[in-house]
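mind folding the following:
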Amino acid sequence: MKMPDPTAALKEVMREMAGKGTRKPGKPGKPRARAARAEPQKCGCGCGKMTKGGKFLPGHDSKLHSRLLKAAKEGDNAAKAELRKHGW
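Predicted coordinates:
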């Protein structure tokens, strides 16, 4: 007596899937929208250099934070307001 092929079910599923794409169900062929690219802007610390789209260059948020903390400890109310504005 011939034994049944244990991989027959797997082979059947693979035959059914052959030729089908890997896209998820939905509107076929419709490209996804990309997020808008951030525009370069001047660094928020006041150094005058341009970022690649963020508010600060790497490490420059810390520079501004340190400067504002020092000024706030000396009684500068504008520095205190700026710290609150940034959530620091």
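
show me where this protein has strands.
In order along the chain, the chain carries no strands (DSSP state E).

so where do the helices sit in it?
8-17, 60-73, 77-86 (DSSP state H).

need the ones you listed in CSV with mean neighbour count and distance to residue 35, can you?
(Glycine included, C-beta is placed from N, CA and C.) Formatted as CSV, the helices of the chain follow (neighbours: other C-beta atoms under 10 Å; distance: least, C-beta to C-beta, whole Å):
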stretch, mean neighbour count, distance to residue 35
helix 8-17, 10, 32
helix 60-73, 15, 22
helix 77-86, 13, 24
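
of all the ones you listed, which lies closest to residue 48?
helix 60-73 (10.9 Å; C-beta to C-beta).

need the contact list for residue 56.
43, 44, 45, 64 (C-beta atoms under 8 Å, 6 or more residues apart in numbering).

ok, residue 64 next?
When the contact criterion is C-beta under 8 Å, 6+ apart, the partners of residue 64 are 44, 45, 46, 56, 86.
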